[in-house]
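> Dropping a prediction and its sequence here:
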Amino acid sequence: MIFLLPFVIIVFDTMNRFRAHAPVLQRTGGGECILILLLTMGMLFAACPAYCTNRYVDPNGNDNNDGSIDHPYKTITKAVSMVVAGETIYVRGGTHTYADPITISKSGTAGAKYYLFAYPGEKPILDFSSEDTGERGLQLNASYWYIKGLDFYKAGDNGMIIEKNNASYNRIELCNFYENEDSGLQLANGAANNEIINCDSYYNRDVNQGNADGFSPKLTVGTGNYFYGCRSWQNSDDAYDLYLNAPTDNVTTTFENCWAFKAGYLKNGSAGIGNGNGFKMGSSTNHHNVILKNCLAFQNLKEGFDQNHNKGSMTLYNCTSYNNGGYNFEISEAPSSGYTATVTNCISHGPTGATRNLGTFVVQATNSWKPPFVVTDADFASLDPNAAYGPRNADGSLPSIAFMRLATGSDLIDGGTDVGLPYNGIAPDVGAFEHIDGDCQASGHINWADLACLVSNWLDSNCGTCNGADFDGDSEVNFYDFSIMADNWLK
Ligand SMILES: [Ca+2]
Ligand SMILES: [Ca+2]
Ligand SMILES: [Ca+2]
Ligand SMILES: [Ca+2]
């Protein structure tokens, strides 16, 4: 029976820890031991729900350390080798240099994920510039990883690739991918049901400029991947590339609140020799079912939203496309029987003449180029895109910019069709940004900046839209306008 001794010690040690942390258990009487025994066995045989050990990685650490906050590891690779499902690896701020890819091959479960997080308030930069060409930054060949707050810089290939072992149910959040030698973040080899949230990808460029996209759920990617709040700019090929290789087929990818701009332009601002499309939706022999909601494409070298011969379903709701070098919207070839192309509540604008190439098969409703709308620059609060490159909001959401937001008084406000997305006012708007009454300083929020905007136009009359301050449309700025703002205060 001596072999049971370590187990008994663990049980009693755990009982004491529980007493310290949960005094209510001290009053539970005789059932306590059985309860704690069961909990302990659960802890031994499942992933660490109660006493997880956080692991720490610091550029000045040492892989012979124990990985505690005071004695951190040096490499994520070491931390990954030690981490148990349910635990968190915290990566401290500063520049972490890697000459070889970081490979993750062990998967968590829905109930016990792995967490790889920037230490709160710090910004770790993973610098792969000493890699050889062709080496990835992070090779995520696993499922149920939640990775947050890391920068992936100058890898010899993708900054990160999610692939192999059916890599699924990962969440990549607030990560930045820049100056890598292929796509910033790629998903392939069956990678399915991953969430990419509030990530930025820019200045990625391969040697021939024809491969490096910002985000590429392409080639052999799996289904159900979801992008939210992402930005992609100045990548040498496309901003988002959904090109499929046979036999991969019938894959669905969803984008919500994502921006694509300056695809095909290089870091120095010059036009490159890549494809330069914003959202490239597929390829000629396969069905990529693409759902795009509240997405924005502007100033891409070629198309804003580009079918690229995709045979699958394409559903575009409330997307805005502005001033792209090619078509703002290009869906000209009918998808396969049983698949649909739908474009509803979308805006196409810009100085170039022919801005759309949409086949008659495309199901359309309340788009800006259809009657009764006649869109001019005056429909927009701003046409200056500079703030789109700016810092994100404190919560990680996209910057609250005036660019392409509807100006107070635009007939595109409440001019859209209800497609099931949330909206303000009596109906959905047309375009990527839903207007809110009182948004004088156009940002999508009502706050002190709007009050200042109202005050600066206070009691003006016969002033048109009065710099956005005439919310009720009577060309005067007065208490009625103030009350509209007050109704939406801090929304
Ligand atoms: Ca591409
Ligand atoms: Ca509305
Ligand atoms: Ca505002
Ligand atoms: Ca008024």
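Looks like it came in fine. Ligands and ions are numbered 1, 2, ... in the order given.

> from the stretch 1-150 of the chain, which residue is nearest to ligand 1?
Closest residue of the stretch 1-150 of the chain to ligand 1, Cβ to the ion: residue 136 (16.9 Å). Heads up, the C-betas are built off the backbone N, CA and C, glycines and all.

> quick one: contacts of stretch 60-72?
53-58, 73-75, 78-79, 82, 90, 92, 94 (Cβ atoms under 8 Å, 6 or more residues apart in numbering).

> From those residues, list just the buried residues.
Buried residues within those, defined by neighbour count using 16 or more other Cβ atoms under 10 Å: 54-58, 73-75, 78-79, 90, 92.

> got the residues you listed as a markdown table, with secondary structure columns?
As requested, the buried ones among the contacts of stretch 60-72 are exported to a markdown table (DSSP: H, G, I helix; E, B strand; the rest coil):
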| residue | secondary structure |
| --- | --- |
| 54 | coil |
| 55 | strand |
| 56 | strand |
| 57 | strand |
| 58 | coil |
| 73 | strand |
| 74 | coil |
| 75 | coil |
| 78 | helix |
| 79 | helix |
| 90 | strand |
| 92 | coil |
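
> I figured residue 75 hits residue 57, correct?
Yes: Residue 75 is within contact range of residue 57, at 6.6 Å (criterion: Cβ atoms under 8 Å).

> residues shared between the contacts of those two?
Shared contacts of residue 75 and residue 57, defined by Cβ under 8 Å, 6+ apart, are found at residue 96.

> contacting residues around residue 91?
Counting by Cβ under 8 Å, 6+ apart, the residues that residue 91 touches are 56-57, 76, 116-119, 124, 149-150.

> Return the closest of those residues with respect to ligand 4.
Nearest to ligand 4 among the contacts of residue 91, with distances taken as Cβ to the ion, is residue 149, at 44.4 Å.

> give me phi/psi at the nearest residue to the closest one once chain neighbours are set aside?
On the basis of Cβ to Cβ, 6 or more residues apart in numbering, the spatially nearest residue to residue 149 that is not a chain neighbour turns out to be residue 118, at 2.9 Å. Phi and psi for residue 118, reported as degrees, to the nearest 10, are phi -60, psi 140.

> Now stretch 253-260: average pLDDT?
Stretch 253-260 shows a mean pLDDT of 98.

> For the protein, what lies in contact range of ligand 3?
Applying Cβ under 5 Å from the ion, we find that the chain lies next to ligand 3 at 439, 441, 443, 445, 450.

> Out of these, which sit inside helices?
residue 450 (DSSP state H).

> what sits against the residue of the chain found nearest ligand 2?
Evaluated by Cβ to the ion, the chain has residue 425 as its residue closest to ligand 2, separated by 3.6 Å. For residue 425, the set of contacting residues under the criterion of Cβ under 8 Å, 6+ apart consists of 413-414, 435-437.

> Closest to residue 403 out of those?
Checking these against residue 403 by Cβ to Cβ gives residue 435 as the nearest, at 13.8 Å.

> Could you count how many residues lie near that closest one?
When counting by other Cβ atoms under 10 Å, one arrives at 24 neighbours for residue 435.

> which SS class is it?
Three states are possible here, and by three-state DSSP the one that applies to residue 435 is coil.

> Now do the helices for the chain: every range, in order, please.
Remark: helices assigned in the chain by DSSP H are 5-21, 31-45, 76-82, 448-456, 479-487.

> roughly how far apart are residue 294 and residue 419?
As defined by Cβ to Cβ, to the nearest Å, residue 294 lies at a distance of 11 Å from residue 419.

> what residues do these two have in common as contacts?
Contact criterion Cβ under 8 Å, 6+ apart; residues shared by residue 294 and residue 419: 317-318.

> And the pLDDT at residue 491?
Residue 491 carries a pLDDT value of 89.

> Repeat that for residue 481.
pLDDT, residue 481: 94.

> can you count the residues close to it?
24.

> residues contacting it?
Residue 481 makes contact with 438, 454, 469-472 under the criterion Cβ under 8 Å, 6+ apart.

> quick one: least confident helix or strand in this structure?
Here the helix or strand of the chain ranked lowest by mean pLDDT, DSSP states H and E is helix 5-21, holding a mean of 41.

> Setting the sequence-adjacent residues aside, check what's closest to residue 461.
Going by Cβ to Cβ, 6+ apart, residue 461 has residue 476 as its nearest residue, at 4.4 Å.
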